[in-house]
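# can you look at this prediction? I've put the sequence above it.
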Amino acid sequence: MNTPPDPIHFNKTVWNIVRQIPSGTVSTYGQIASMIPPPSEVDETDYVRLGAVWVGKAMNAVSSDGSSDVPWQRVINSQGGISLPEGSRAALEQRQRLESEGIQFERNGRINLNAYGWDGPNGDWLRENQLLTPRPIKKPGSDNPEQLKLF
DNA sequence: CGTTTGACTACGC
DNA sequence: CGCGTAGCCAAAC
């Protein structure tokens, strides 16, 4: 699974970004990773997946420490689903926390990213923290979540 | 000390 | 849409 060259700094950066996610919206492992400049020793195409895994490790490090101000529940996978083991206590808590923020799950247990997906921090914040523009998690075109307009 | 196991994602059916 | 797989490799067992 590999480890970032500087795990401590990488984790701090991840947590800092996650703290920016507004209540009622969600981000993905890959989107968080896309804001962090890839280490020079890692191939950029590999980083798309590797970085996401690293973000997952960073989130794991948070939830094990109950007393944290990091809203870890707002980070889900690229499919819009919860990545914690299905039925586990942690997974149930994550779903409950998100629902209490007003987020609705679909029948297949997924969240509509077009409706609840985060667009990332504003440009100023990114620049101040020397981070990159996030990769969009919303599918192109469909700004309107539910109603797909047929012409 | 060999095996199993991941808070992932893109891609092909 | 849903399901399986490759890539990757440090830790936990």
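Sure thing, it's come through. Residues are numbered from 1 along each chain as shown, chains lettered A, B, ... in the order given.
# where does chain A dip in pLDDT?
Along chain A, the parts satisfying pLDDT under 70 run over A:1, A:64-67, A:141-151.
# so which bits of it are right by DNA strand C?
Neighbours of DNA strand C within chain A, by C-beta under 7 Å from any atom of the strand: A:1-3, A:46, A:49-50, A:53, A:108, A:110. To be clear about C-beta, it is placed using only N, CA and C from the backbone, and glycine gets the same treatment.
# most neighbours among these, which one?
residue A:50 (19 neighbours; other C-beta atoms under 10 Å).
# quick check: residue A:16 touching residue A:126?
No. Here residue A:16 does not reach residue A:126: they are 11.3 Å apart, not a contact under C-beta atoms under 8 Å.
# still on that earlier bit, among the residues of chain A next to DNA strand C, which pair sits farthest apart?
Farthest-apart pair in the residues of chain A next to DNA strand C is A:3 and A:108; separation 33.0 Å (C-beta to C-beta).
# wait, does the helix or strand hosting residue A:90 contact DNA strand B?
Here residue A:90 is covered by helix A:89-100, with elements defined by DSSP states H and E. Yes. When contact is scored as C-beta under 7 Å from any atom of the strand, part of helix A:89-100 falls within range of DNA strand B: A:90, A:94.
# returning to that earlier point: out of the residues of chain A next to DNA strand C, the closest to DNA strand B would be?
Among the residues of chain A next to DNA strand C, residue A:1 lies closest to DNA strand B (C-beta to the nearest atom of the strand), at 2.9 Å.
# which residue ranges of chain A form strands?
Taking DSSP state E as the criterion, chain A contains strands spanning A:27-28, A:75-76.
# top helix in chain A by residue count?
As assigned by DSSP state H, the longest helix anywhere in chain A is helix A:44-63.
# buried residues in it?
A:47, A:50-59, A:61-62 (16 or more other C-beta atoms under 10 Å).
# may I see the residues you listed arranged in a markdown table, with distance to residue A:40 as well?
Conversion of the buried residues of helix A:44-63 to a markdown table gives the following (distance: C-beta to C-beta, whole Å):
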| residue | distance to residue A:40 |
| --- | --- |
| A:47 | 11 |
| A:50 | 14 |
| A:51 | 14 |
| A:52 | 19 |
| A:53 | 19 |
| A:54 | 15 |
| A:55 | 19 |
| A:56 | 22 |
| A:57 | 20 |
| A:58 | 20 |
| A:59 | 25 |
| A:61 | 24 |
| A:62 | 27 |
